[in-house]
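[1] here you go, sequence then predicted model.
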Amino acid sequence: MNKKVVLFIVIMVLISLLLRSLYTQYKFITIAKDQKGLEKVKSLEKVILFCVPFSPFNKIAVDELKKECQNFSINDEKLYCYETLRTSLIQIKSIYQPYKEILDEIIPIIASLRAKEMISWEFNDYKESDFNTLYKNQIKLLMYDNTPSYFWSFIVGFSLIGWISSVIFLIWKGLGENINVFNIFWGLLAFVSFFSLWILGLYMA
C-alpha cells in the first residue's frame, strides 16, 4: 500500500474522531434544549464528557448545567446535579483543570448540601448543631488534591506520541515496497519501548 495513502488514512481517522465528538456535543446540546430536570442534566453531562478543545459547546454545556442545578428545589436532586457537574469537569482534566473557577464555586455548595443530607437521613444521629463540623469535613474531602504527577502525566503524553510515531515509522520506512529489516527492527524496538513506557506512566501517574 502506498505510504501517502496510509498516512492520509491515519489523518482522516483522527479528523473523523474529532468531528464525531463535535457532532455528539451538538446533538446532545440540541436534545437538552427540549428537556428539563434530570434528563437535561444527563444530556449536558454527555456534552461535557465529549469535550473537544476550543469547542464552543463546552462552555455552553457547563453554563447550562450550572443554571439547571440552581433551578432544582429538592435537596437531593440539587446535590445530584452539582455532583454531576463536578465529576464531569474532573473527568475531562488533563495537564490542567478546565473551568476550575466553576469547581471552586460549586464545592462549598456541594459540601453544604451533603451536610444537610447527612443530617436529614433517618439512620444518622446527626443534628443541626453538627452542620458546621460536617460541612468542614466535606470541604476537606472535596478539596483533597488527587492530581496525578505532572512528570508522569508528561511521560504518558510523550510515550503515546512516540508509540503512534513508531507505528507510522514502521509503515513508512519498514513496510514499503522494499522491506528494510534494519528499519523494522528499530521500529519494533521503539514500539515496544514507548508502549511499555506509556503503560508505566499510566500506572505511576
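    Noted; the coordinates are in hand.

[2] and the helices in this structure?
    3-33, 37-49, 56-71, 75-91, 100-120, 131-143, 150-169, 181-204 (DSSP state H).

[3] who does the longest one touch, helix- and strand-wise?
    If you count contacts as 3 or more CB pairs under 8 Å, 6 or more residues apart in numbering; DSSP states H and E, helix 3-33 packs onto helix 37-49, helix 56-71. Where C-beta positions appear, they are placed from N, C-alpha and C, glycine not excepted.

[4] wait, which of these is closest to residue 96?
    Closest to residue 96 of these is helix 56-71 (CB to CB; 13.6 Å).

[5] grab the most central residue of this protein for me.
    Geometric centre of the chain, nearest residue: residue 92, 2.1 Å, by CA atoms, centre = their mean.

[6] for that one, what are its contacts?
    Going by CB atoms under 8 Å, 6 or more residues apart in numbering, residue 92 touches 48-49, 51, 98.

[7] that older thread, quick check: which of the helices and strands packed on helix 3-33 is buried the most?
    Mean neighbour count (mean count of other CB atoms under 10 Å) peaks for helix 37-49 among those, with a mean of 19.

[8] what is the orientation angle of it with helix 75-91?
    Going by axes from the mean of the first three to the mean of the last three CA atoms, to 10 degrees, helix 37-49 is angled at 10 degrees with respect to helix 75-91.

[9] what's in contact with helix 37-49?
    By CB under 8 Å, 6+ apart, the surrounding residues in contact with helix 37-49 are 24-25, 28-29, 31-32, 35, 57-58, 60-62, 64-65, 68-69, 72, 77, 80-81, 84-85, 88-89, 91-92.

[10] again, but for stretch 136-146
    The contact list for stretch 136-146 (CB under 8 Å, 6+ apart) reads 86, 107-108, 110-112, 114-115.

[11] mind redoing it with 6 Å?
    107, 111, 114-115 (CB atoms under 6 Å, 6 or more residues apart in numbering).

[12] okay, buried residues for it please.
    Buried residues in stretch 136-146, counted by 16 or more other CB atoms under 10 Å: 138-139.

[13] so for that stretch, mean pLDDT?
    Average pLDDT, stretch 136-146: 89.

[14] check stretch 126-133 too.
    Stretch 126-133 comes out at a mean pLDDT of 94.

[15] for that stretch, measure first residue to last.
    10 Å (CA to CA, to the nearest Å).

[16] may I see the buried residues of that stretch?
    By neighbour count with 16+ other CB under 10 Å, stretch 126-133 contains the buried residues residue 126.

[17] centre of the chain to that stretch, how far?
    On the basis of CA atoms, centre = their mean, to the nearest Å, stretch 126-133 sits 34 Å off its chain's mean C-alpha point.

[18] that'll do, ta.
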